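Undergrad: this one's sequence-less:
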């Protein structure tokens, strides 16, 4: 983890320190005078995310979306399923002259510890494991239209796919704006992945694809809205 921190660009080191500072400040604020005993049964999150990912010898900031679903098995323990999707334009050109886009996905599961000592804010930390994917998608020139009102998009094919084990270590802070709605002010995750390509000898784009070297260190930032459903525990006195 320390080695991965030193590889992180300076601006992201500062942002990481800021996130940790926010969480520590939240812990200070959440020292209770009287503990809030009730908590939701389930929680769903949807937000905007940016993945600072390894791309060969370079790094890219890929915007996208993140969603998660959590079931609270206890007041301070939540089981989480987390999905993230991001994309960025590459410098890879196919024989049809179209430019490839790199689409990244993470599907992670695991326990999340929550600190519910305040009625206003809930800090959390988690350790998740799962799988990561990357697809290099090239538009094929065909347009598909469906629905009402009509929505059209350009079809594509994958010139290469990468899959591998992934883990995520991180945390964040939810600020409760309403009994059923919270604002996730920040979430940070260190995504450690080990991608391997499924068609190493693919041509003619093979020489343009980034070189994979063992493990990748990626950093994901997110903010959005959390929806809270149901209620457990006893009302606070």
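TA: Happy to help now that I have it. Computed from a prediction, not measured in an experiment: that's the story for all the values here.
Undergrad: who's in contact with the residue lying closest to residue 54 once chain neighbours are set aside?
TA: With sequence-adjacent residues excluded and distances taken as C-beta to C-beta, 6 or more residues apart in numbering, residue 54 is closest to residue 216, at 4.2 Å. For glycine as for every other residue, the C-beta is placed from the backbone atoms N, C-alpha and C. Applying C-beta atoms under 8 Å, 6 or more residues apart in numbering, we find residue 216 in contact with 53-54, 192-195.
Undergrad: In strands, which of those appear?
TA: Secondary structure assignment by DSSP state E places 53-54, 192-195 of these in strands.
Undergrad: Separate out the buried members of those residues.
TA: 53-54, 192-193, 195 (16 or more other C-beta atoms under 10 Å).
Undergrad: what residue lies at the spatial centre of the chain?
TA: residue 84 (4.4 Å; C-alpha atoms, centre = their mean).
Undergrad: Bridging across strands, which residues link to it?
TA: Here residue 84 sits in beta bridges with residue 66, residue 106, as judged by DSSP bridges.
Undergrad: how about it, what does it touch?
TA: By C-beta under 8 Å, 6+ apart, residue 84 lies in contact with 49, 51, 64-66, 104-106, 220, 222.
Undergrad: Restrict those to the buried ones and give me that as a PyMOL selection.
TA: Per 16+ other C-beta under 10 Å, the buried members of the contacts of residue 84 correspond to this PyMOL selection:
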select buried, resi 49+51+64+66+104+105+106+220+222
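Undergrad: Can you add distance to residue 186 and pLDDT and give the contacts of residue 84 back as TSV?
TA: As requested, the contacts of residue 84 are exported to TSV (distance: C-beta to C-beta, whole Å; pLDDT from 0 to 100):
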residue	distance to residue 186	pLDDT
49	11	98
51	15	96
64	16	97
65	16	97
66	12	98
104	20	96
105	22	97
106	18	98
220	11	97
222	8	97
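Undergrad: and the two most separated of the contacts of residue 84?
TA: The two members of those with the most space between them (C-beta to C-beta) are 105 and 222, at 14.5 Å.
Undergrad: By residue count, tell me the biggest strand in the chain.
TA: Ranked by residue count and defined by DSSP E, the top strand of the chain is strand 151-178.
Undergrad: Show me what that strand is packed against.
TA: Counting contacts by 3 or more C-beta pairs under 8 Å, 6 or more residues apart in numbering; DSSP states H and E, strand 151-178 packs against helix 10-29, strand 99-114, strand 121-146, strand 181-197, strand 216-229.
Undergrad: In this structure residue 129 contacts residue 167, no?
TA: Yes - the pair residue 129 / residue 167 is scored as a contact, 5.0 Å apart, by C-beta atoms under 8 Å.
Undergrad: residues shared between the contacts of these two?
TA: Contact criterion C-beta under 8 Å, 6+ apart; residues shared by residue 129 and residue 167: residue 108.
Undergrad: Touching stretch 62-70 from outside, list them.
TA: Here stretch 62-70 makes contact (C-beta under 8 Å, 6+ apart) with 42-53, 78-88, 102, 104, 112, 187, 220, 222, 224.
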